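1. Any chance you could fold what I've pasted below:
(2 chains)
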Amino acid sequence: GQNIDQPTEMTATEGAIVQINCTYQTSGFNGLFWYQQHAGEAPTFLSYNVLDGLEEKGRFSSFLSRSKGYSYLLLKELQMKDSASYLCAAHNAGNMLTFGGGTRLMVKP
Amino acid sequence: GAVVSQHPSWVICKSGTSVKIECRSLDFQATTMFWYRQFPKQSLMLMATSNEGSKATYEQGVEKDKFLINHASLTLSTLTVTSAHPEDSSFYICSVQGIAGVTGELFFGEGSRLTVL
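-> Got it, this is the predicted structure:
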């Protein structure tokens, strides 16, 4: 079966760095997506990791370890607008995405 | 990427009525669309895969007779919640997978928030 785990909630301070972890157990794994979702809105694409390692995109970076079934999203220089839910999703065989429960990040001044 | 439009954004209905939600792919032809449901403070749960010209594929536990999906054209899929009840109140989101760029990336509609009184 599919199992995607990530923390339910996290709190961080404006200007700080936060790391959101995601572990997965899936079959036919292709890659790992991260999406950002503000309350009441649709998710928006942040990153997609296929190979092991860190990919940096501005203030956001995403890491993948296929052997460990582990990924993290790193947010630097946190801003108040980064308060949102962050969803990791495993991209599996059959081109399907399985979403984790989402991590609600609250950024405080 | 892909532009996906969903309508209506908000709908309030009485218990027992049916509600139709439309999902349109505006800039490319989508043979497959996905319908998700999201309850408050929870993640996206795939309800069904909508296939143009054929029957939708429903996930386990989703009643196909209650959630009717029609994918009559390459740019339009509709989800009809029949005989809606308060427990059907949720955020319904459709999505399509892009054909270029990141393989498998989902592009989401704006979502439809359904409240059943």
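
2. ok, and for stretch A:40-54, which residues are buried?
-> For stretch A:40-54, burial by neighbour count (16 or more other C-beta atoms under 10 Å in any protein chain shown) applies to A:A42, A:P43, A:F45, A:L46, A:S47, A:Y48, A:N49, A:V50. Quick note: C-beta positions are derived from backbone N, CA and C, even for glycine.

3. residues in contact with the closest residue to A:M96 other than its chain neighbours?
-> Excluding the flanking residues, the one nearest A:M96 by C-beta to C-beta, 6 or more residues apart in numbering or on different chains is B:L46, at 7.7 Å. For B:L46, the contact set (C-beta atoms under 8 Å, 6 or more residues apart in numbering or on different chains) comprises A:M96, A:L97, A:T98, A:F99, B:F34, B:W35, B:Y36, B:E59.

4. Hmm, which of the residues you listed is lowest in pLDDT?
-> When the contacts of B:L46 are sorted by pLDDT, the bottom entry is A:M96 at 81.

5. Could you report the separation of that residue from B:F34?
-> To B:F34, A:M96 is 9 Å away according to C-beta to C-beta, to the nearest Å.

6. Tell me which of those two has more neighbours.
-> B:F34 (23 against 19; other C-beta atoms under 10 Å in any protein chain shown).

7. can you pull up the bridge partners for the more buried one?
-> Counting by DSSP bridges, B:F34 is bridged to B:T49, B:S95.

8. Touching, it and B:C94? I think so.
-> Yes - between B:F34 and B:C94 there is a contact under C-beta atoms under 8 Å: 6.7 Å.

9. Count the neighbours of the residue of chain B at minimum distance from chain A for me.
-> Residue of chain B nearest chain A, by C-beta to the nearest C-beta: B:F108 (3.8 Å). The number of residues packed near B:F108 is 23, by other C-beta under 10 Å.

10. lowest-confidence helix or strand of chain B?
-> In chain B, the helix or strand scored least confidently by mean pLDDT, DSSP states H and E is strand B:106-108, which has a mean of 87.

11. quick check, distance from the very next helix or strand once past it to the centre of its chain.
-> Note on strand B:106-108: by DSSP states H and E, the next helix or strand toward the C-terminus is strand B:112-116. Its chain's C-alpha centre and that of strand B:112-116 lie 12 Å apart, by C-alpha atoms, centre = their mean, to the nearest Å.

12. So which bits of strand B:112-116 are buried?
-> B:S112, B:R113, B:L114, B:V116.

13. ok, the residues you listed vs A:S83, which is closest?
-> A:S83 lies nearest to B:R113 out of the buried residues of strand B:112-116, by C-beta to C-beta, at 19.9 Å.

14. next one: phi and psi at the residue nearest to B:D65 when sequence neighbours are not counted?
-> Taking C-beta to C-beta, 6+ apart, and ignoring the residues beside it in sequence, B:D65 has B:T82 as its nearest neighbour in space, at 7.3 Å. Per-residue torsions, B:T82: phi -90, psi 140 (degrees, to the nearest 10).
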